[in-house]
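Enquirer: Give me the fold of what follows.
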Amino acid sequence: MTRKVNIYESIDWITISLYLVLVIFGWMNIFAVNYNEKFRTIFDLNQEYGRQLIWILLSFIAVSSLFVVDYKSFRFFAYAIYVGIILLLIAVLVFGTLTHGSKSWISLFGLNFQPSEFAKIATALAIARYLSAYNVKIKSFTSIFILLAFIFVPVILIFLQPDWGTSIIFCFFFIVLFREGLPGWILILGAVTVALFIASLMFPRLYIVIGLIVLAHVVYMAVNKRIKHNMVTVLLLVVLYFIFKFINVYFGYGRSEYVILLAALVISSLISLVLAIRYKIRNVVFILFILFSFIAFTYSVDYVFHNVLKPHQQKRVNILLGKEIDPRGYGYNVNQSKIAIGSGGFAGMGFLKGTQTKLDFVPEQSTDFIFCTIGEEWGFIGTTIVVILFALLLLRIVILAERQRSPFSRIYGYGVASMIFAHFAINIGMTIGLSPVIGIPLPFLSYGGSSVLAFSILLFILVRLDASRMAYLK
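Expert: This is a model prediction of the structure:
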């Protein structure tokens, strides 16, 4: 049941104020990056700050038009918007423009834009539409499968461009799913998967498999508390390992320790499975399935790293993990970014006075590395203010989401928070060397028409829904 409300009296001006401060401050720093004595007019379309100003004005027009649209339309057309964006992502693979080695851009009505930026809006709407249905139970297998499809269909299409940085961002939609009741064991499984991914890049697979075996036995003991059965399987594995090792040495097969351990693990697991069925011991099948899935995952990590990632992406990951040091090569961007941020000191060098900025030492400084311009010219004070502004915006988005009477609006609100948080955390992490350089813009601050327009629409759909929240009667 709904009632009429004056949405203009219910607009959240705190969110709008935070948005305007970030957008204007972002434009000022793009101006600082590109400022030249020969080009002083802010409307010079040959300069990035001139083009960015046009996109900012277009964003203002776009978000203003959202308040003319009926708030029910966002839910009604959510699936249609999602399908339309998926078709655009397919089209960009065929007709897209190749830029920096990725086919991520498409020309439409004379404008070049990046569909992957708008895919975040579409995915947030689709997830909110599905989860807000009255008969959906998020803990059911069918619901989890459908939600994973909503997330990973655009992930796969974006990865094929290839733009693996943007595709990673979509994984943060799991924040929304956990807020809505996704089982906690899936979160733990995801955390272990991430840890295993990093470990697979840093340590030999033999050590990783040994660690997984130990972890599997610890989990088994915690779940079933069958000490006798657990000790039997451990002893069986050890005995089989030494038997296979003796055979390998005696007959001169030349198999590695890793292969011997896997062979012993497979045989001991089969025997353990038979015993579990015989004595009706629970969860053994599930634990063995997860164990061997993780072992297979280590193979996939190795394959993806060496066969899917490009050499420069491999270098960036190795540098981040400390396996390589290359300050003049692939580590140049991050190294120069750190220098720029450090040179700003406490109060910064002053607006338009950054030397690293003026001498163009940091590549992509107006896009991926806009934060280092803030650090150099505005110092620790400026960067702290930016972090506080984003923290306040994220807090405000969560407050808006929690006060919604409509499940669709609440779920969409968490989708907005997850996307902005992902970009904020990863982008700043890139500039200070805490995450690999994957080409992620800083919302509202980085140069890019598609980025500022998409993030503006993403945020203001929530503001529009919040303005109509009182239309829902208890």
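Enquirer: Please count neighbours and contacts with C-alpha atoms only from this point.
Expert: OK.
Enquirer: Can you list the strands that the top strand by length along the chain pairs with?
Expert: In terms of residue count, the longest strand belonging to the chain (DSSP state E) is strand 102-108. With DSSP bridges as the criterion, the sheet partners recorded for strand 102-108 are strand 97-99 (antiparallel), strand 111-113 (antiparallel).
Enquirer: any residues touching it, and which ones?
Expert: Around strand 102-108, the neighbours that count as contacts under C-alpha atoms under 8 Å, 6 or more residues apart in numbering are 92-93, 95-99, 112-116, 158, 161-163.
Enquirer: one more time with 10 Å
Expert: The contact list for strand 102-108, computed with C-alpha atoms under 10 Å, 6 or more residues apart in numbering, reads 88-89, 91-99, 111-117, 158-164, 450.
Enquirer: Kindly reformat the strands paired with strand 102-108 as a markdown table containing mean neighbour count and distance to Leu273.
Expert: Supplementary listing: those in a markdown table, determined by neighbours: other C-alpha atoms under 10 Å; distance: least, C-alpha to C-alpha, whole Å:
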| stretch | mean neighbour count | distance to Leu273 |
| --- | --- | --- |
| strand 97-99 | 13 | 52 |
| strand 111-113 | 15 | 54 |
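Enquirer: who's in contact with the residue positioned nearest the centre of the chain?
Expert: The structure's the chain has its C-alpha centroid closest to Ile169; by C-alpha atoms, centre = their mean the separation is 2.2 Å. By C-alpha under 10 Å, 6+ apart, the contact list for Ile169 reads Lys120, Val155, Ser418, Met419, Ile420, Phe421, Ala422, His423, Ile426, Ile440.
Enquirer: Quick one: residues contacting the fourth one.
Expert: When you say that, I think you mean Met419. Taking C-alpha under 10 Å, 6+ apart as the criterion, Met419 is in contact with Lys120, Ile121, Ala124, Ile169, Phe170, Cys171, Phe172, Phe173, Ile175, Pro443, Phe455, Leu458.
Enquirer: can you do 7 Å?
Expert: Phe172 (C-alpha atoms under 7 Å, 6 or more residues apart in numbering).
Enquirer: Identify each buried residue in the host helix or strand of it, please.
Expert: When secondary structure is defined by DSSP states H and E, Met419 falls within helix 407-431. Residues 407-428, 430-431 are the ones in helix 407-431 that count as buried (16 or more other C-alpha atoms under 10 Å).
Enquirer: next structured bit after it?
Expert: Next in sequence after helix 407-431, counting helices and strands by DSSP H and E, comes helix 449-467.
Enquirer: and that following helix, C-alpha only, in PDB?
Expert: These are the backbone C-alpha positions of helix 449-467, laid out as PDB (Å, rounded to 0.1, in the frame of the first residue of the first chain):
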ATOM      1  CA  GLY A 449      33.000  10.500 -18.400                       C
ATOM      2  CA  SER A 450      31.600   7.000 -18.100                       C
ATOM      3  CA  SER A 451      32.900   6.700 -14.500                       C
ATOM      4  CA  VAL A 452      31.500  10.000 -13.200                       C
ATOM      5  CA  LEU A 453      28.100   9.500 -15.000                       C
ATOM      6  CA  ALA A 454      27.700   5.900 -13.900                       C
ATOM      7  CA  PHE A 455      28.600   6.500 -10.300                       C
ATOM      8  CA  SER A 456      26.300   9.600 -10.200                       C
ATOM      9  CA  ILE A 457      23.400   7.500 -11.500                       C
ATOM     10  CA  LEU A 458      24.200   4.600  -9.200                       C
ATOM     11  CA  LEU A 459      24.100   6.900  -6.100                       C
ATOM     12  CA  PHE A 460      21.200   9.000  -7.100                       C
ATOM     13  CA  ILE A 461      18.900   6.100  -7.900                       C
ATOM     14  CA  LEU A 462      19.200   5.400  -4.100                       C
ATOM     15  CA  VAL A 463      18.600   9.100  -3.300                       C
ATOM     16  CA  ARG A 464      15.500   8.900  -5.500                       C
ATOM     17  CA  LEU A 465      14.200   5.700  -3.800                       C
ATOM     18  CA  ASP A 466      14.900   7.200  -0.400                       C
ATOM     19  CA  ALA A 467      13.000  10.300  -1.200                       C
END
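Enquirer: For that helix, which helices and strands make contact with it?
Expert: In this structure, helix 449-467 makes packing contacts with helix 48-65, helix 115-131, helix 407-431, judged by 3 or more C-alpha pairs under 7 Å, 6 or more residues apart in numbering; DSSP states H and E.
Enquirer: other SSEs contacting the first one?
Expert: Translated: helix 48-65. With contacts defined as 3+ C-alpha pairs under 7 Å, 6+ apart, the packing partners of helix 48-65 are helix 13-34, helix 449-467.
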